[in-house]
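[1] Compute the structure for the input listed below.
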Amino acid sequence: MANTHNAPVLVIGLGRFGASTAAQLHAQNQEVLAVEKDPELVQKWSGLLTHVVAADAADIDTLRQLGANDFGSAVVGVGTSIEASVLITANLVDLGVERIWAKAITPSHGKILERIGAHHVVYPEADAGRRAAHLVSGRLLDYIEFDDDFAIAKMRPPKETHGFTLAESDIRAKYGVSVVGIKSPGRNSPTQTLHAHSLSGYSYRLGAGGADRAFCCPPVGSAVSLAPLSLLAVLPYRFPPLFSVIKRLFI
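    Numbering: from 1, shown residues only. As a prediction, this is how the structure comes out:
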């Protein structure tokens, strides 16, 4: 598999999603070729991105001339026109682009994109709304989906665990989650030695279900006292599992 680190990325469409994606890639020192047919958007972004081209990506010959087939990754940020989004994605598939991220505005739109060969379908509005709903509920301090089956959430531990060690609290058995990391105030990265720290004022990561296989969990006998703090948890994404875990933790 080709190394995608710092590889050039083709971004088609400079609406809110496409422009945000292109700007973030540019900030990460990733080379970006942005394609947009609206002259005003081209002018707006030409001074902020390295390569911005005014062209209609719905024309496969235009994409060939731009060298789209030489890109390993492409982002289709066109969302206002489903027809254009589908046609552009199909063109990229025909040109052999290995990894295609495409924005969808409805489930049916996303299904079509998947059927024609988009490797990743993104629903920016729906994802943002779901995340906001979890945060507005007050039960989660932060929430980010990272897979079809799991999400990572920052939350506070249940009161009944305060003052107990990880082993004594038996979090994994009671709540279906496992502590996998601690982040203390003023530190940029989680500590690996959970048993050596008191958790008062710390945040820690929890894993649920298959997350135990993906993350390093603390030793069962870790002598870490639980106290009021914020914690980062990996929870099942699909409902009802996620809600039931949150309900057991907080209600």
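[2] got a list of what the closest residue to E31 other than its chain neighbours touches?
    Nearest residue to E31 in three dimensions, chain neighbours excluded: P8, at 4.2 Å (CB to CB, 6 or more residues apart in numbering). Just so you know, the C-beta spots here come from the backbone N, C-alpha and C atoms, and that holds for glycine as well. For P8, the contact set (CB atoms under 8 Å, 6 or more residues apart in numbering) comprises Q30, E31, V32, L33, F71, G72, S73.
[3] Kindly report the same for V76.
    I12, G13, G18, S85, I88, T89, L92, I100, W101, A102, K103, A118.
[4] and those residues, which of them are in helices?
    G18, S85, I88, T89, L92 (DSSP state H).
[5] Now do the third one against S73, distance only.
    Just to be clear, that refers to I88. Distance of I88 to S73, given as CB to CB, to the nearest Å: 15 Å.
[6] related to what we said a few turns ago, and the buried ones among the ones in helices among the contacts of V76, selectable in ChimeraX?
    If you want just the buried ones from the ones in helices among the contacts of V76 in ChimeraX, going by 16 or more other CB atoms under 10 Å, the selection is:
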select :18,85,88,89,92
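[7] got the domain boundaries for the chain?
    By the assignment in the TED database, the chain contains the domains 9-127, 139-187+218-250.
[8] Lowest average pLDDT across those domains?
    With a mean of 56, domain 139-187+218-250 has the lowest mean pLDDT of the domains of the chain.
[9] quick one: the helices in the stretch 1-150 of the chain?
    With helices called from DSSP state H, counting those that start in this stretch, the stretch 1-150 of the chain shows them at 16-27, 39-46, 60-65, 82-94, 107-116, 124-136.
[10] helices and strands around the shortest one, which ones?
    Contacting helix 60-65 under the criterion 3 or more CB pairs under 8 Å, 6 or more residues apart in numbering; DSSP states H and E are the following elements: helix 82-94.
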